[in-house]
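Colleague: The amino acid sequence is not available; the structure is as follows:
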């Protein structure tokens, strides 16, 4: 499951964003958007705000998945991992939902995010099954 978590984070970082004359991947978008947000008063256009929300949820989701790799307790590890995947899904939703007129960046984000979606479904399923078996195996008090 460790390899699947790492692959899920890598595939999410490789989602392609194409807007106007810019082509980038999510990893660079996260870094530069958060850097710009922390060093300025904010963003003016709706595309930048959308990317900021996607970047924040993505970074928090990736951090939660990294924390789940370091935690030893199985139940806590899987719950934190599932929360991380849900936040990555929220980020992916912001990138793929056609909320801005006259742009088609959401199509590129959707098609380049299909590998992430497949890997995250497998990861979510593995963690859910492990949680389910742990809760079933605990004796009733």
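Modeller: Everything's here; your move. Values in this document were obtained by computation on a predicted structure and should not be read as measured data. Numbering: from 1, shown residues only.
Colleague: Just give me the residue right at the centre of the chain.
Modeller: residue 88 (2.0 Å; Cα atoms, centre = their mean).
Colleague: so is the residue nearest to it when sequence neighbours are not counted in a helix, a strand, or just coil?
Modeller: Distance criterion Cβ to Cβ, 6 or more residues apart in numbering; nearest residue to residue 88, sequence neighbours excluded, is residue 61 at 4.0 Å. Placement of C-beta: from N, CA and C, glycine included. Going by DSSP: H, G, I helix; E, B strand; the rest coil, the secondary structure assigned to residue 61 is helix.
Colleague: quick one: buried residues of the strand or helix carrying the residue nearest to the centre of the chain?
Modeller: Residue 88 belongs to helix 74-96 when assigned by DSSP states H and E. Within helix 74-96, the residues scored as buried using 16 or more other Cβ atoms under 10 Å are 77-85, 87-92, 94-96.
Colleague: can you check stretch 118-129 too?
Modeller: For stretch 118-129, by 16+ other Cβ under 10 Å, it's 119-120, 123-124, 127.
Colleague: List just the nearest of those to residue 4.
Modeller: Nearest to residue 4 among those, counting by Cβ to Cβ, is residue 123 at 4.8 Å.
Colleague: right, and the closest one touches residue 1 too?
Modeller: Yes. Counting by Cβ atoms under 8 Å, residue 1 is a contact partner of residue 123 at 7.2 Å.
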